[in-house]
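> could you look at this predicted model? Sequence included:
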Amino acid sequence: MAIILGLPKGSLQEATFALFKRAGFNVSCSSRSYIPSIDDDDIKCRLLRPQEMSRYVELGLLDAGICGYDWIYENGSDVHEVCELNYSKATSNPVRWVLAVPENSPVKTVKDLEGKRISTEAVGLTRRWLKKNGVKADIEFSWGATEVKAPELVDAIVDLTETGSSLRANKLRIVDTILVSTTRFVANKESWKDPAKRAKIEQLKMLLRGALDAQSRVLLKCNAPKASLEAVVAALPALHAPTVNGLHGGEWFAVESVVPENDVRNLIPGIIASGATVIIELPLNKVIFGNEENGERGPASRRTRRAGK
């Protein structure tokens, strides 16, 4: 039985298709179609706005979908969270819903919004935040181009930002962060109880997470003489321990380890000083943590000197 999978249309679409490609799935869609094709007979895709994804998953019209936590919160959707997927339009960083005002606005804190007019696409989120802070203000739904509405049309906006560049370009300053959001893979609760559908959803989870975990890592390979082997191994971080294989003759060894890409520039001089030669750096498509459900993935992913292959 095929699962019906919702993929986000809009700013996340290109990044999502690229992620699925790295995970081993080829997804394509014409500019006018909302039914993408995928090279897996057990998956049927639908292209939907992230704002409405969680509602359709909750209703069972989709078995699973990908959307931001912000829209799950905004809609109050009762769905099963399969996993967090740390990717977005421009970076792997979380996105933020922020209160922003014109640079010369007298508004300094949330309390200064009393009686003011606020424009936002996330009306429910903003309303809950104001209520929590004991502030009454007029909130109007924004159909887009929210940044240009202040100060002529509204006193403040609540908008989504990843880098803050659009806000700065429109001469707006951030007063407060309301919600930090990351992309989530969610499932309908009844679909999650179905063994066949759950198995497919968990397969997707494993491969998507593997593709994301590989983005920040590379495979570093080198050769080391027998006399320097222990020093080279000690200089390399690893998920568990570097892999060591003997070369013909018994006097040289091949050493390899999965390491954080950002560490490579500092690692290479160190392993050369330890006696390594012929260093090769290779990109990775996936890094799969097989015992993730047993808790091994979390500690391993946080290590630096002891995290890798």
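Thanks, I have the structure now.

> how far away is the residue positioned nearest the centre of the chain from Leu179?
In the chain, the residue lying closest to the centroid (CA atoms, centre = their mean) is Asn86, at 1.6 Å. From Asn86 across to Leu179, the span is 16 Å (CB to CB, to the nearest Å). In short, each C-beta sits where N, CA and C put it, glycine included.

> before we move on, what about Lys108?
Separation of Lys108 from Leu179 (CB to CB) stands at 20 Å.

> who's more crowded, the two?
Higher neighbour count among Lys108 and Leu179: Leu179, with 21 against 10, using other CB atoms under 10 Å.

> tell me the SS of that one?
Using DSSP: H, G, I helix; E, B strand; the rest coil, the structure places Leu179 in strand.

> distance of it from Gly290?
Separation of Leu179 from Gly290 (CB to CB): 34 Å.

> got the domain ranges for this protein?
For the chain, the domain assignment from automatic domain parsing gives the residue ranges 3-90+183-213, 95-180, 217-302.

> so how far is Met53 from the closest residue to Val79 other than its chain neighbours?
Leaving out its chain neighbours, the residue that sits closest to Val79 by CB to CB, 6 or more residues apart in numbering is Val186, at 4.3 Å. Applying CB to CB, the value for Val186 to Met53 is 8 Å.

> the residue nearest to the centre of the chain and Thr183 touch, don't they?
Yes: at 7.2 Å, Asn86 and Thr183 qualify as touching, with contact defined as CB atoms under 8 Å.

> just the helices in the protein please.
Assigned by DSSP state H, the chain shows helices spanning 13-23, 50-59, 69-75, 123-132, 165-169, 189-193, 195-215, 229-235, 264-273, 297-302.

> for Lys116, find the nearest of those.
Closest of these to Lys116 is helix 123-132, at 10.1 Å (criterion: CB to CB).

> can you list contacts of the closest one?
For helix 123-132, contacts defined as CB atoms under 8 Å, 6 or more residues apart in numbering pick out 70, 73-76, 97, 110, 113, 118, 120, 136-137, 139-141, 158, 178-179.

> let's go with 7 Å and repeat that
70, 73-74, 97, 113, 118, 120, 137, 139, 141, 158, 178-179 (CB atoms under 7 Å, 6 or more residues apart in numbering).

> distance from that helix to the middle of the chain?
25 Å (CA atoms, centre = their mean, to the nearest Å).

> mind listing what's buried along it?
Applying a neighbour-count criterion of 16 or more other CB atoms under 10 Å, one finds 123, 125-126, 128-130 buried in helix 123-132.

> okay then, goodbye and thanks.
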